[in-house]
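A.B. asks: Sharing a model that was predicted from the sequence below.
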Amino acid sequence: MKSIKPLREKKNTAILLIHCPDRQGILATVTEFLNKNNGNIINLDQHVDRVEKIFYMRVEWELKDFAIPSEKIGEYFDTLIGSKLEMNWKLYFSEDVPRMAIFVSKMSHCLFDILSRYTAGEWDVEIPVIVSNHETMRPVAERFGIAFEYMPVTAENKAEQEAAELALLKKHKIDFVVLARYMQILSKDFVSHYPNKIINIHHSFLPAFAGAKPYHAAHARGVKLIGATSHYVTSDLDAGPIIEQGVTQCSHVDTIKSLIRKGRDLEKIVLSNAVFKHLQRKVLVYNNRTVVFN
């Protein structure tokens, strides 16, 4: 089973993500650069952090009739604007389809949700490989026609297996990784190869209900609200920049089983929303925080 054509015809566009010290005229300078070169702006969002005095911006424009060749846009922009305004910027093109790897263990709810969106054409992405420390999800990968790599991890072979995983990701030219309930802690070295390019999902019971059975502990306390958080992975466990969060209410009538069902529904929606925003180039990371543009 392969991904079908995206639901919407995409235009040939470029996207700039920018952050820099705030000063007067940044917005006008960037838009003037695009307008002068026949760039038709189709989306623009900006934000100013008045405490930190940082300017953030995302702008997308059509490349049809744009005067500067795609391979020269970055060079021209940096020379004329970026360096002068002390900008940190990244340039993306809609024609470059990201390549995503999925890491999963035994739980299937997030994996199935991702693969259903992929095959339905909701996302403009390629998924060359699924990696797992268990064989459980192999039939799922085969059903969707995606390569499956079984890489069991123990304390003794962790470094060796992570090196093999990194080599696999390089072989498949992977741009970013999604941890779809992958129950292994990635090493600092592994994470350093994909800064702000590894997306994780977990329940939001931490730190109150840590351990293997958080839903059981939450039920015992009679919680009235449960949540899920998706974030970029850093070397600090579950402390990376947050992309997306969600909550749902529960009550005394909920059983442990219904809490788990609600929690898993929430996890897959929150993770998929985070992945979609990453694919849309709407997430900008600064000092372990995110600006998520509309």
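C.D. replies: Thanks, I have the structure now.
A.B. asks: what ranges of the protein fall below the confidence cut-off?
C.D. replies: 1-9, 206-207 (pLDDT under 70).
A.B. asks: Quick one: the strands in it, in order.
C.D. replies: 13-21, 40-49, 54-62, 88-93, 99-104, 126-132, 147-150, 176-179, 198-203, 225-232, 242-249, 283-286, 289-292 (DSSP state E).
A.B. asks: among the ones you listed, which is nearest L186?
C.D. replies: strand 198-203 (7.0 Å; CB to CB). Bear in mind the C-beta positions are built from the backbone N, C-alpha and C, glycine included.
A.B. asks: tilt between the closest one and strand 225-232?
C.D. replies: Angle, strand 198-203 to strand 225-232, by axes from the mean of the first three to the mean of the last three CA atoms, to 10 degrees: 170 degrees.
A.B. asks: Which parts of this protein are helices?
C.D. replies: 26-36, 70-77, 109-119, 138-143, 158-171, 188-192, 214-221, 256-279 (DSSP state H).
A.B. asks: TSV please, covering these and showing distance to A101 and mean neighbour count.
C.D. replies: Shown next, in TSV, are those (distance: least, CB to CB, whole Å; neighbours: other CB atoms under 10 Å):
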stretch	distance to A101	mean neighbour count
helix 26-36	34	15
helix 70-77	26	14
helix 109-119	11	20
helix 138-143	12	14
helix 158-171	6	15
helix 188-192	12	15
helix 214-221	27	17
helix 256-279	12	20
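A.B. asks: which one of those helices lies closest to V97?
C.D. replies: Of all those, it is helix 256-279 that lies closest to V97, at 9.4 Å by CB to CB.
A.B. asks: Can you give the distance of the closest one from its chain's centre?
C.D. replies: Offset of helix 256-279 from its chain centre (CA atoms, centre = their mean, to the nearest Å): 14 Å.
A.B. asks: about what we covered before: tabulate the helices of the chain (a markdown table), appending distance to L17.
C.D. replies: Formatted as a markdown table, the helices of the chain follow (distance: least, CB to CB, whole Å):
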| stretch | distance to L17 |
| --- | --- |
| helix 26-36 | 12 |
| helix 70-77 | 12 |
| helix 109-119 | 23 |
| helix 138-143 | 32 |
| helix 158-171 | 23 |
| helix 188-192 | 21 |
| helix 214-221 | 35 |
| helix 256-279 | 12 |
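A.B. asks: Please identify which of the ones you listed is closest to E86.
C.D. replies: Proximity to E86 (CB to CB) singles out helix 26-36 among those, at 10.5 Å.
A.B. asks: for that closest one, packing partners?
C.D. replies: strand 13-21, strand 40-49, strand 54-62 (3 or more CB pairs under 8 Å, 6 or more residues apart in numbering; DSSP states H and E).
A.B. asks: Among these, which comes closest to Y194?
C.D. replies: That would be strand 13-21 among the helices and strands packed on helix 26-36, by CB to CB, at 17.4 Å.
A.B. asks: Let's have the helices and strands packed on helix 26-36 in a markdown table, adding distance to F205 and mean neighbour count.
C.D. replies: Output for these, formatted as a markdown table (distance: least, CB to CB, whole Å; neighbours: other CB under 10 Å):
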| stretch | distance to F205 | mean neighbour count |
| --- | --- | --- |
| strand 13-21 | 32 | 20 |
| strand 40-49 | 30 | 14 |
| strand 54-62 | 31 | 21 |
